[in-house]
Structure formats: structure tokens, C-alpha cells
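Colleague: Model the following, please.
(one chain, ligands or ions: 1)
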Amino acid sequence: MKLDGKIAIITGAATGIGSATAKLFAKEGARVIIADINDKEGNETVKAIEKAAGNSLFIHVDVAKMAELENMIKIVQDAYGGLDIFYHNAGIAGPGNLENTAEKDYDISMAINLKAGFFGAKYAAPLIKKSGGGSILFTSSSSGIHPSPAGSPSYSVAKAGLIMLTRALALSLAKDNIRVNCICPGPIVTTPLWPDFVSRNPGVNPDDLTKTIVEQTVPLKRPGTPEEMAQAALFLVSPENSYISGIFLPVDGGSSAR
Ligand SMILES: NC(=O)c1ccc[n+]([C@@H]2O[C@H](COP(=O)([O-])OP(=O)(O)OC[C@H]3O[C@@H](n4cnc5c(N)ncnc54)[C@H](O)[C@@H]3O)[C@@H](O)[C@H]2O)c1
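Modeller: Okay, here's the model as predicted:
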């Protein structure tokens with residue numbers, strides 16, 4: 001097993017990409033902490049992992065509140081005594097175009113998508129260092145590389161920020177044997193975030209927009225799946241890929257090659 005005995009925190013693991021990744025990490029032998037505001041589906045992810053003989057714990061964490069992130073690390077330290085992987089995956093769709101973006105929308109998007117990655121890494125890094133090193137991973141987005149005219153500028157800015165955070169932390173945390181990487185998913189249309197993403201701009205039909213995005217921007221001509229994102233996440237955090245740090249990996253059906 002690729003993550004045998006490892007302790008991993010995944011934020012935003014109640015549904016979608018995070019939930020699929022939690023299940024895969026657990027299958028590969030990790031003890032997985034699900035950190036989310038969605039108690040119902042967070043606990044369902046734990047149950048699914050336990051049903052498959054894996055080990056998991058749900059912690060209610062609102063990643064928009066930095067004190068809750070700090071407290072999460074304390075809970076993990078007390079419960080497990082160490083940490084090997086911190087994966088900040090929680091995210092929300094942006095509020096829409098520039099005209100539709102109120103200051104409070106911008107602030108919450110930045111807090112959940114970007115600031116939580118920064119402070120989550122700050123609080124997690126000392127515990128990972130104490131465990132002898134490990135991995136930090138972020139979920140950025142193809143929107144963080146190529147902004148889409150139909151997307152939210154604030155979302156693209158936050159996701160681009162995660163790419164630079166990845167590179168900056170890869171440099172500063174290398175001395176502690178902590179690798180830092182991120183994945184940039186393309187369209188994953190089956191998760192709860194997607195309908196939010198395509199319905200934020202007035203006058204744009206969400207189904208038409210989904211079709212256009214997939215047909216016109218994805219060379220493989222299909223959306224990705226949460227399970228395909230989970231495989232990319234596993235690749236980057238696996239100890240066997242111990243020389244990879246500071247990269248952003250597009251997992252987007254070829255979109256970034258355009
Ligand atoms: N779906 C896509 O097309 C796509 C594409 C690129 C990137 N992403 C990114 O992938 C990540 C996962 O998204 P997804 O598509 O699986 O959608 P999702 O809605 O299933 O996942 C988001 C998770 O974050 C959690 N969350 C939201 N706000 C939170 C908060 N304040 N505190 C704690 N948890 C919170 C949600 O409860 C949910 O479990 C996000 O960062 C998203 O931006 C998604």
C-alpha cells in the first residue's frame with residue numbers, strides 16, 4: 001500500500017474530489033481525517049471508509065475560520081501524535097463576473113479557497129516536520145492557469161494564488177523534508193460545486209455552458225471524475241514520488257495543452 005500508516009488531513013472531503021481522495025488514501029493504508037462543514041456527508045464518507053476496513057475520523061471545521069484550522073491540528077496531534085499529509089481541497093465556486101462580485105463574496109472566496117491553504121499549511125507544517133517530513137497538497141484549478149470568460153475572476157485569482165503558494169512553500173519547507181504540490185482539475189461536473197460554478201452569471205444557461213466548456217475546452221471531450229483527481233492527488237503525496245515538489249499538475253483532459 002502506497003500510504004501505509006500515514007496520517008492525512010483532507011479539507012473539503014465530505015463530497016466530490018475530497019471524498020473520493022479520502023477513500024483512495026484510506027484504501028492505500030492512510031488514516032484519513034475528513035475536515036469539513038458538511039457533517040452529514042462528512043460522516044458518510046467516514047462510514048464508507050470504515051465499511052471498506054479503512055480508518056477515518058470526521059472533524060467539523062469551517063476553513064474560513066483560521067482558529068478552527070489551528071484547533072483541527074491540535075485535535076490531530078492529540079489523537080494521532082503526528083501528521084504526514086495536509087491536503088487543502090475545500091473550495092467554493094466564485095460569485096460570478098466582476099459586476100456580480102460584492103466585497104463579501106470576494107472575501108469569502110479568498111478565505112476558503114486561498115487563505116485556508118496558507119494558514120492550514122502554517123499550522124500543519126510543524127507537525128509534519130515533527131513526523132520527519134511529508135506532503136502538503138492543494139486543489140487549485142485549470143481556472144487558476146487559464147481564466148475563463150464565463151468564470152469568476154475572484155475564483156481564478158484565488159486558485160492562481162494557490163499555485164504560487166505551492167511554489168513558495170516548496171522552497172521554504174524543503175529544509176523540513178516537506179514536499180508541496182497542487183493539482184489543477186478541469187471540469188468535474190458531478191460534484192456539488194459544479195452547478196454553482198455554471199449558474200452564477202445571469203442570462204447564461206448552465207447546461208449550455210457545461211456543454212460548451214467540455215466540448216470547446218477539453219481535448220478528450222468529456223468531463224473528469226472525482227476518482228481521476230484522487231489518483232493524481234495520490235501520485236503527488238506518495239512517498240515513492242519523493243523528488244516531486246513545487247509543481248502544479250493539470251488534470252484536465254488536455255485543456256492546458258491548448
Ligand atoms: N468541480 C470542478 O469542476 C472543479 C474544477 C477545478 C477545481 N475544483 C476544486 O476542487 C475542490 C473540490 O471541489 P468539488 O468539485 O469536489 O466540489 P464539492 O462541493 O464536492 O467539494 C467542496 C467541499 O468543500 C467543503 N467546504 C466548502 N466550504 C467549506 C468551509 N468553509 N469549510 C470546510 N469545508 C468547506 C464542502 O462541504 C465540500 O465537501 C474545490 O477546491 C474546487 O474549487 C473543482
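Colleague: same for the least confident helix or strand in the chain by mean pLDDT, what does it pack against?
Modeller: Here the helix or strand of the chain ranked lowest by mean pLDDT, DSSP states H and E is helix 193-198, holding a mean of 91. Counting contacts by 3 or more C-beta pairs under 8 Å, 6 or more residues apart in numbering; DSSP states H and E, helix 193-198 is packed against helix 206-217. The C-beta positions use only the backbone N, C-alpha and C, and glycine is treated the same way.
Colleague: buried stuff in the helix or strand following the helix it packs on?
Modeller: Counting by DSSP states H and E, the next helix or strand C-terminal to helix 206-217 is helix 226-237. Buried residues in helix 226-237, counted by 16 or more other C-beta atoms under 10 Å: 226, 228-230, 232-237.
Colleague: Mind picking the one among these that's closest to the ligand?
Modeller: Closest approach to the ligand among the buried residues of helix 226-237 (C-beta to the nearest ligand atom): residue 226, at 6.0 Å.
Colleague: That closest one - nearest residue in space that isn't next to it in sequence?
Modeller: Distance criterion C-beta to C-beta, 6 or more residues apart in numbering; nearest residue to residue 226, sequence neighbours excluded, is residue 20 at 3.7 Å.
Colleague: Convert the helix or strand hosting that neighbour to PDB, retaining C-alpha atoms only.
Modeller: When secondary structure is defined by DSSP H and E, residue 20 falls within helix 16-27. Once non-C-alpha atoms are left out, helix 16-27 reads as follows in PDB (Å, rounded to 0.1, in the frame of the first residue of the first chain):
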ATOM      1  CA  GLY A  16     -16.700  15.300  -4.600                       C
ATOM      2  CA  ILE A  17     -13.000  15.200  -5.200                       C
ATOM      3  CA  GLY A  18     -12.100  15.300  -1.400                       C
ATOM      4  CA  SER A  19     -14.400  12.400  -0.600                       C
ATOM      5  CA  ALA A  20     -13.000  10.300  -3.500                       C
ATOM      6  CA  THR A  21      -9.500  11.100  -2.400                       C
ATOM      7  CA  ALA A  22     -10.200  10.200   1.200                       C
ATOM      8  CA  LYS A  23     -11.500   6.800   0.200                       C
ATOM      9  CA  LEU A  24      -8.500   6.200  -2.100                       C
ATOM     10  CA  PHE A  25      -5.900   7.300   0.600                       C
ATOM     11  CA  ALA A  26      -7.600   5.100   3.100                       C
ATOM     12  CA  LYS A  27      -7.600   2.100   0.700                       C
END
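Colleague: related to what we said a few turns ago, list just the nearest of the buried residues of helix 226-237 to residue 163.
Modeller: Of all these, residue 163 sits closest to residue 236, with 13.6 Å by C-beta to C-beta.
Colleague: Contacts only, for that closest one.
Modeller: For residue 236, the contact set (C-beta atoms under 8 Å, 6 or more residues apart in numbering) comprises 135, 137, 179, 181, 183, 244, 247, 249.
Colleague: coming back round to it: contact partners for the residue nearest to residue 226?
Modeller: Per C-beta under 8 Å, 6+ apart, neighbours of residue 20: 225-227, 229-230.
Colleague: can you put the buried residues of helix 226-237 in CSV and add distance to the ligand?
Modeller: Formatted as CSV, these follow (distance: C-beta to the nearest ligand atom, whole Å):
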residue, distance to the ligand
226, 6
228, 12
229, 7
230, 10
232, 12
233, 10
234, 15
235, 16
236, 14
237, 16
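Colleague: closest to residue 142 among those?
Modeller: residue 229 (11.6 Å).
Colleague: Which one of the buried residues of helix 226-237 is nearest to residue 29?
Modeller: Nearest to residue 29 among the buried residues of helix 226-237, with distances taken as C-beta to C-beta, is residue 234, at 11.2 Å.
Colleague: Give me the nearest residue to that closest one, chain neighbours excluded.
Modeller: residue 24 (5.6 Å).
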